[in-house]
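Student: okay, sequence plus prediction incoming.
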Amino acid sequence: MTQSRLNLIALLSLLALAVALVSQHVFDMPPCAWCVLQRLILLLIAGVCLLANLMPGAGKRIMALLSLVLSIAGIVAAWYQHTVAAQMVSCDRTFADIFMSRTTGLDGLAPWLFGIYATCMDAKVIVFGVEYVLWALLLFIALLLVSCYALFGSRGRSLRNS
């Protein structure tokens with residue numbers, strides 16, 4: 001049961017990443033540094049959850065815990081983008097910019113995925129009446145909840161049955 005929840009998390013993460021890429025490459029919505037940091041977090045969550053397919057029960061719980069921690073990182077990144085970075089003229093020298101371009105160099109290695117093409121203020125977009133970053137925040141909250149369910153859901157049921 002835990003693995004099916006982890007696979008759901010991976011699917012949701014990869015779908016969200018696909019939506020972000022379609023938004024960028026089809027609808028001309030260039031990402032900012034915080035946007036691409038959230039893309040990386042989504043990829044890490046998907047990778048961790050898919051890797052759990054190769055692990056025994058205890059390993060699956062560890063992967064669920066990692067998914068939970070990464071979901072919290074996504075919540076923090078989205079919240080920071082919404083409350084602080086979106087008010088800034090430039091994302092230069094923020095954690096996301098330094099990490100994505102200077103520390104990891106991912107923006108140069110895969111610019112179609114991690115390229116930073118807008119400031120956080122310019123990347124502020126409304127989709128269906130809600131800011132794009134708030135959709136990301138809601139997604140990360142959902143991933144956190146499913147991660148909690150994957151980590152603790154089965155345990156609670158087995159305790160009730162004993």
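Tutor: Now that the structure is in, tell me what you want to look at. Predicted, not measured: the structure shown is a model, and the values here were computed from it. Residues are numbered from 1 along each chain as shown.
Student: enumerate every residue touching Ile126.
Tutor: Tyr132 (Cβ atoms under 8 Å, 6 or more residues apart in numbering). C-betas here are computed from N, CA, C, even on glycine.
Student: what about it, distance to Ala86?
Tutor: With distances taken as Cβ to Cβ, to the nearest Å, Ile126 is found 12 Å from Ala86.
Student: one more: Arg61?
Tutor: 36 Å.
Student: for Met29, same thing?
Tutor: Met29 sits at a distance of 14 Å from Ala86 (criterion: Cβ to Cβ).
Student: with Ala18 instead?
Tutor: 23 Å.
Student: Ser90 sits in which helix or strand?
Tutor: Using DSSP states H and E, Ser90 sits in no helix or strand.
Student: ok, now which ones touch the residue nearest to the spatial centre of the chain?
Tutor: Against the mean C-alpha coordinate of the chain, by Cα atoms, centre = their mean, the closest residue is Leu42 at 3.3 Å. For Leu42, the contact set (Cβ under 8 Å, 6+ apart) comprises Ser13, Leu14, Ala16, Leu17, Ala20, Gly74.
Student: helices and strands around the longest helix anywhere in the chain, which ones?
Tutor: Longest helix of the chain, by residue count under DSSP state H: helix 57-83. In this structure, helix 57-83 makes packing contacts with helix 2-25, helix 33-51, helix 132-148, judged by 3 or more Cβ pairs under 8 Å, 6 or more residues apart in numbering; DSSP states H and E.
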